[in-house]
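In: Using only what follows, build the 3D model:
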Amino acid sequence: MKIVAVILLCLAAGLTACEQKADYSPKPRGYYRIYFPKREYKQYDSDCAYTFTYPTYAKVEPDNAPGAKPCWINLQLPQFNGTLHLSYQPITSKKVFDALIEDAHTFAFKHTVKATSIDEGIIRYPDRKVYGIYYTIDGNAASSAQFFLTDSTRHYLRGALYFNTEPKLDSIQPVLDFVKKDIAVLIKSFHWKTAGTP
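Out: Sure, this is the predicted structure:
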């Protein structure tokens with residue numbers, strides 16, 4: 001009788017040992033599906049010395065941060081939790097102009113620690129007296145796109161794109177690619193006004 005009990009016990013142990021258990025290994029983090037708006041644009045016009053075309057999904061707000069100056073605005077991108085900051089400065093001397101250009105370079109290259117590369121693209125529209133540099137910042141930097149525009153004598157405007165989230169390029173890349181196309185439209189449509197207040 002003991003032998004039969006031992007055989008039955010071994011069979012039961014063998015059958016339960018062969019049972020496959022569910023795989024409960026951790027899954028990679030998923031990301032939300034992103035719905036991109038239809039591309040439509042409208043004109044920004046104010047008492048400031050510049051005008052441009054911007055996407056209708058953006059909201060223009062004055063920059064109310066401490067130290068903000070007249071004609072500093074933010075293009076809020078609520079659907080993407082981001083902001084394109086635009087800051088205008090009148091050029092009063094060559095010294096001021098040189099300092100503004102150096103500041104733009106310094107601000108862009110502050111992201112070197114997190115960036116995998118920083119590329120500079122020349123902006124040049126001589127018919128409108130719009131010149132500048134577009135900085136493409138790759139990697140997990142806080143800002144992935146910055147630029148400045150100037151007529152070299154009277155006007156200067158700097159732009160910087162930030163998302164209000166931890167900078168992880170793999171998660172924001174589709175949104176970044178979408179928004180960069182609209183920044184390109186803004187730059188290509190940018191005009192200085194012949195008459196206007198700073």
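In: Mind naming the longest helix for this structure?
Out: Looking across the chain with DSSP state H, the single longest helix is helix 169-189.
In: So residue 39 sits against residue 53, correct?
Out: No - Residue 39 lies out of contact with residue 53 (C-beta atoms under 8 Å); the separation is 11.1 Å. For every residue, glycine as well, the C-beta is placed using N, CA and C.
In: overlap in contacts of the two?
Out: Common contacts of residue 39 and residue 53, defined by C-beta atoms under 8 Å, 6 or more residues apart in numbering, are absent altogether.
In: who has more neighbours, the two?
Out: Using other C-beta atoms under 10 Å, the more surrounded residue of residue 39 and residue 53 is residue 53, with 16 against 12.
In: Tell me which other helices or strands whichever strand or helix holds the more buried one touches.
Out: Using DSSP states H and E, residue 53 falls within strand 50-55. Using 3 or more C-beta pairs under 8 Å, 6 or more residues apart in numbering; DSSP states H and E as the contact test, the elements touching strand 50-55 are strand 41-44, helix 169-189, strand 191-192.
In: redo that, cut-off 6 Å
Out: Packing partners of strand 50-55 (3 or more C-beta pairs under 6 Å, 6 or more residues apart in numbering; DSSP states H and E): strand 41-44, helix 169-189.
In: what angle do the host helix or strand of residue 85 and helix 169-189 make?
Out: Using DSSP H and E, residue 85 falls within strand 82-90. Calculated by axes from the mean of the first three to the mean of the last three C-alpha atoms, to 10 degrees, strand 82-90 forms an angle of 40 degrees with helix 169-189.
In: residues making contact with strand 82-90?
Out: Strand 82-90 has contacts (C-beta atoms under 6 Å, 6 or more residues apart in numbering) with 71-76, 100, 156-163, 198.
In: Count the residues that sit near residue 124.
Out: Counted with other C-beta under 10 Å, residues neighbouring residue 124 total 9.
In: beta partners of the closest residue to it other than its chain neighbours?
Out: Spatial nearest neighbour of residue 124, excluding adjacent residues (C-beta to C-beta, 6 or more residues apart in numbering): residue 131 at 5.6 Å. According to DSSP bridges, the partner residues bridging residue 131 are residue 124, residue 150.
In: Number of residues surrounding residue 131?
Out: Residue 131: 15 surrounding residues under other C-beta under 10 Å.
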